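Colleague: sequence? don't have it. structure:
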């Protein structure tokens, strides 16, 4: 469905702006009026990572007058494979500062606003209120639900995107004209069910494919052209090179945007709502979590342990803790791993950071291995504290 322009046009374009945006101006659907609307627009990009990088680059190039970016992370070497707004010289620098520098190089005619902070319940409403449109480049469910809820409560549209390995999705959520994110995903998936990009990987160029679609939708919303992805979910398969669109209907019983909403403010705890790890895993890990220092001491004493790496084979190939046997978490969840565990040794589980090994620990303890433990911090802690010569990912 066609929608009216989201913002009013600016009073004028300068000569420099006319020169810069001439290829937009000669498109009849955009023209002077559309470009003036872009100049007058205020767009916030949540996250300066895989999706935020191409989104920021193209929003800046398009002439969005005020471009905000919020992120609390710093640039890491593993980011550079897909987060194209950052450079080798940006390593260790706050992502928002690195992104702002690149954006200003691309277009010095726009204003860049940096929010070097974590988005949370206390600041999200205030930050969002200063923008016309939100572009969501987050990579975790807790923040996605919070972004959605804040946008609905403030009556603002936002462009959503998601990526994993070779697959991408995008949509526009605007409760005034269609469904919200909760209409599509009423409940978050069970903890540990959906791997993150850090666990499962992502093809770097996929970020550009989905990020550019997000910008395309943002431009359409701001200028009032075309038919935005309101009420539609776009699904992209990079391996098969296919795009398909699925209708998403507004849920009349949605607790947030339905006919009789029961949620009228932000949730108290989005991490708890989405569950960092399951209750079973939390209970299993209580008093059964050791540090990498403890693990190294066990190995040095030659304790009779059976060390298990519950990550995926491709992760194991990148970096591993010496002596670990690879048994992916999925094998624990389906029960096939249990027959491989020795009865006469102490079971010690680890993963990348500790979440997956806690889930596997719950399975192992339920199977009768009461003295089993897992390594808090996982491989990341091992590399940082024990063997910094190994790579991280």
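Modeller: Yes, it's here. Note that the structure is predicted; figures quoted are calculated from it, not measured.
Colleague: What are the buried residues along the strand or helix carrying residue 293?
Modeller: When elements are assigned from DSSP states H and E, residue 293 belongs to helix 292-300. For helix 292-300, burial by neighbour count (16 or more other Cβ atoms under 10 Å) applies to 292, 295, 296, 298, 299. C-beta coordinates here come from the backbone N, C-alpha and C atoms, glycine included.
Colleague: What residues does residue 335 make contact with?
Modeller: Residue 335 makes contact with residue 363 under the criterion Cβ atoms under 8 Å, 6 or more residues apart in numbering.
Colleague: okay, the closest residue to residue 103 other than its chain neighbours: pLDDT?
Modeller: Nearest residue to residue 103 in three dimensions, chain neighbours excluded: residue 60, at 4.5 Å (Cβ to Cβ, 6 or more residues apart in numbering). Note for residue 60: predicted pLDDT of 98.
Colleague: Would you double-check that residue 60 falls in a helix?
Modeller: Yes. Under DSSP: H, G, I helix; E, B strand; the rest coil, residue 60 falls within a helix.
Colleague: quick one: it and residue 67 touch, right?
Modeller: Yes. Proximity of residue 60 to residue 67 meets the contact threshold set by Cβ atoms under 8 Å, at 5.8 Å.
Colleague: list the residues that contact both of these two?
Modeller: Residues touching both residue 60 and residue 67 by Cβ under 8 Å, 6+ apart: 103, 110, 112.
Colleague: Which helix runs longest in this structure?
Modeller: Criterion DSSP state H: the longest helix present in the chain is helix 204-223.
Colleague: The shared contacts of residue 60 and residue 67 in helices, which ones?
Modeller: Among the shared contacts of residue 60 and residue 67, the members falling in helices (DSSP H) are residue 103.
Colleague: with the shared contacts of residue 60 and residue 67 in mind, which one is nearest to residue 24?
Modeller: Distances from residue 24 to these, taken as Cβ to Cβ, are shortest for residue 110 (14.0 Å).
Colleague: Quick one, grab the pLDDT at that closest one.
Modeller: 98.
Colleague: Could you do residue 57 as well?
Modeller: 98.
Colleague: List the residues that contact it.
Modeller: So residue 57 contacts 84, 85, 102, 103, 106 (Cβ under 8 Å, 6+ apart).
Colleague: Quick one: name whatever helix or strand follows the host helix or strand of it.
Modeller: Residue 57 is part of helix 52-62 when elements are defined by DSSP H and E. The helix or strand immediately downstream of helix 52-62 is strand 66-70, counting by DSSP H and E.
Colleague: partner strands of that next one, parallel or antiparallel?
Modeller: Strand 66-70 pairs in its sheet with strand 42-46 (parallel), strand 111-115 (parallel), by DSSP bridges.
Colleague: do you know which of these lies nearest residue 310?
Modeller: Closest among the strands paired with strand 66-70, using Cβ to Cβ: strand 42-46, at 31.0 Å.
Colleague: List of residues touching that closest one?
Modeller: With Cβ under 8 Å, 6+ apart, strand 42-46 has contacts from 7, 52, 55-56, 59, 64-70, 119, 127-128, 130-138, 143, 147, 218, 222.
Colleague: The same query, at a cut-off of 6 Å, please.
Modeller: By Cβ atoms under 6 Å, 6 or more residues apart in numbering, the surrounding residues in contact with strand 42-46 are 52, 55-56, 59, 64, 66-70, 131-138.
Colleague: just stretch 238-257 next, same as before
Modeller: Under the contact criterion Cβ under 6 Å, 6+ apart, stretch 238-257 has outside partners 152, 166, 175, 178-180, 182-184, 206, 231-236, 258-259, 262-263.
Colleague: cool, stretch 8-21 as well?
Modeller: Contacts for stretch 8-21 (Cβ under 6 Å, 6+ apart): 33, 35, 36, 37, 39, 40, 63.
Colleague: Cheers, nothing more for now.
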